[in-house]
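Enquirer: build the 3D model from these lines:
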Amino acid sequence: MGEAPARVGVDTGGTFTDFFCRLPDGGTRRWKTLSTPSDPSAAVMEGLAALFPDLDPAGLEVVHGTTVGTNAFLERKGARMVLVTTRGFEDVLWIGRQDRPRLYDLFAARPAEILPRHRVTGVRERMTWRGEVLEPLSGEEVRRAVRFCRARGARSVAVCLLHAYAGAGHEARLGRALEAAGFPVSLSSRVLPEFREYERLSTTVINAYLGPVVGGYIERLRRRLEGARLLVQLSNGGCRPAAGVGAHAVQTLLSGPAGGVQAAWELGRALGFDRVLTLDMGGTSTDVALCDGGPSLTRDYRLEGYPVAVPLMDIHT
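Expert: Numbers count the residues shown, from 1 in each chain. Below you'll find the predicted structure:
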């Protein structure tokens, strides 16, 4: 593999893609190249080729932080999706909660929608908060949901049924039927198996909206780096294998910024500090986080007004 390092850190941003490599002899290399928004994997391969002209990916470990999911959300370029929910709860995403960020602002505007109301359908079924079946889910309702998704041209489907955190049987049944019909499916009982219907539904919808975009990009990069071990940075500061990352796309929303906080904390700790204020300034935004004894996580995160209730680094942008 020549001079290929054991590990390469890659961070794709809006303007630049950055590389940090640790060499077998203990040395390091850094590189920066312009991002390629139409296909971010092209910039990744370009940077690796510049650093290591004779690179053989076999045995190489790439830890990848990416803003592909965040950018797709902000630009409303996610997948064409459908939401399947319990009949009578089709408007939860628009009703939200009673609290408003600007209660007396007569000119407050809602964020651009990621899902139009006509791509939402309700099925007759009901679970209790104990996970007991109150109204069974019939085979005809399952088939009708599949027909609805086909008629709406869905590229991805979110399924969020009432109290599915306590009883996931109905969601699992819908998921199997939709996957058999060829749809990528995000089930709320897998994405966020917790109570609070609005937050669970919003998080699941965002996961389905971004799944094909993030998953498609990472899969292209995996093919171009065949033989390498590819890990994707998560919003909580950890990382996971790239395979199947599209099913967990919502966990990559703060992928790049979370990696910056984790790195700053590790550096601060190595220098003897246990309280660190991090600042990560790029071409588009500046990210700030407080690490008091370690990076802090939050479940109270909103992306343009949409709640995301999976654990994320507590970062102010």
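Enquirer: what does stretch 258-270 contact?
Expert: With contact meaning C-beta atoms under 8 Å, 6 or more residues apart in numbering, stretch 258-270 is reached by 9, 11, 63, 65, 233-237, 274, 276, 278, 280, 287, 289, 291, 294-295, 312-313, 315. Just so you know, the C-beta spots here come from the backbone N, C-alpha and C atoms, and that holds for glycine as well.
Enquirer: the stretch 1-150 of the chain: strands as residue ranges?
Expert: 7-12, 16-22, 28-34, 61-66, 81-86, 120-123, 126-127, 133-135 (DSSP state E, counting those that start in this stretch).
Enquirer: try the stretch 201-317 of the chain
Expert: Using DSSP E, counting those that start in this stretch, strands in the stretch 201-317 of the chain cover 229-233, 239-241, 275-281, 286-292, 297-298, 301-303, 306-308, 312-313.
Enquirer: would you mind writing the CA trace of the first one as PDB?
Expert: As requested, the backbone C-alpha atoms of strand 229-233 are provided in PDB (Å, rounded to 0.1, in the frame of the first residue of the first chain):
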ATOM      1  CA  ARG A 229     -12.700   0.300   6.000                       C
ATOM      2  CA  LEU A 230     -15.100   3.300   5.700                       C
ATOM      3  CA  LEU A 231     -16.600   4.700   8.900                       C
ATOM      4  CA  VAL A 232     -19.100   7.600   9.100                       C
ATOM      5  CA  GLN A 233     -19.000  10.200  11.800                       C
END
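Enquirer: adjacent strands (with direction) for it?
Expert: Strand pairing for strand 229-233, determined by DSSP bridges: strand 61-66 (parallel), strand 239-241 (antiparallel).
Enquirer: next: the last one.
Expert: Strand 312-313 has these partner strands in its sheet, going by DSSP bridges: strand 297-298 (antiparallel).
Enquirer: and the contacts of the strand it pairs with?
Expert: Contacts of strand 297-298 (C-beta under 8 Å, 6+ apart): 236-237, 311-314.
Enquirer: rerun that using 7 Å as the cut-off
Expert: 236, 311-314 (C-beta atoms under 7 Å, 6 or more residues apart in numbering).
Enquirer: next, format the residues you listed as CSV and append distance to residue 261, pLDDT and neighbour count.
Expert: Below are the contacts of strand 297-298 laid out as CSV (distance: C-beta to C-beta, whole Å; pLDDT from 0 to 100; neighbours: other C-beta atoms under 10 Å):
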residue, distance to residue 261, pLDDT, neighbour count
236, 10, 93, 17
311, 13, 93, 16
312, 11, 93, 23
313, 5, 94, 25
314, 9, 93, 17
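Enquirer: quick check, nearest of those to residue 86?
Expert: Checking the contacts of strand 297-298 against residue 86 with C-beta to C-beta, the nearest one is residue 311 at 26.2 Å.
Enquirer: and the closest one, how close does it get to residue 184?
Expert: Using C-beta to C-beta, to the nearest Å, residue 311 is found at 23 Å from residue 184.
Enquirer: repeat for residue 194
Expert: Taking C-beta to C-beta, one finds residue 194 at 22 Å from residue 184.
Enquirer: how far does the lengthiest helix in the chain sit from its chain's centre?
Expert: Secondary structure of the chain per DSSP state H: the longest helix is helix 197-224. Going by C-alpha atoms, centre = their mean, to the nearest Å, the spacing between the C-alpha centre of helix 197-224 and its chain's C-alpha centre is 5 Å.
Enquirer: repeat for stretch 151-167
Expert: 17 Å.
Enquirer: got the end-to-end distance for it?
Expert: 29 Å (C-alpha to C-alpha, to the nearest Å).
Enquirer: pLDDT on that stretch, on average?
Expert: For stretch 151-167, mean pLDDT rounds to 97.
Enquirer: list the residue ranges of the chain that fall below the pLDDT cut-off.
Expert: 1-6, 283-284 (pLDDT under 70).
Enquirer: any idea which residue sits dead centre in it?
Expert: With distances taken as C-alpha atoms, centre = their mean, residue 250 lies nearest the centre of the chain, 2.3 Å away.
Enquirer: now do the contacts for that residue.
Expert: 191, 203, 206-207, 210, 308, 310.
Enquirer: by neighbours, which of the residues you listed wins?
Expert: residue 207 (30 neighbours; other C-beta atoms under 10 Å).
Enquirer: and the gap between the nearest residue to it once chain neighbours are set aside and residue 7?
Expert: Leaving aside its sequence neighbours, residue 207 sits nearest to residue 250 (C-beta to C-beta, 6 or more residues apart in numbering; 4.0 Å). In this view, residue 250 and residue 7 are 26 Å apart by C-beta to C-beta.
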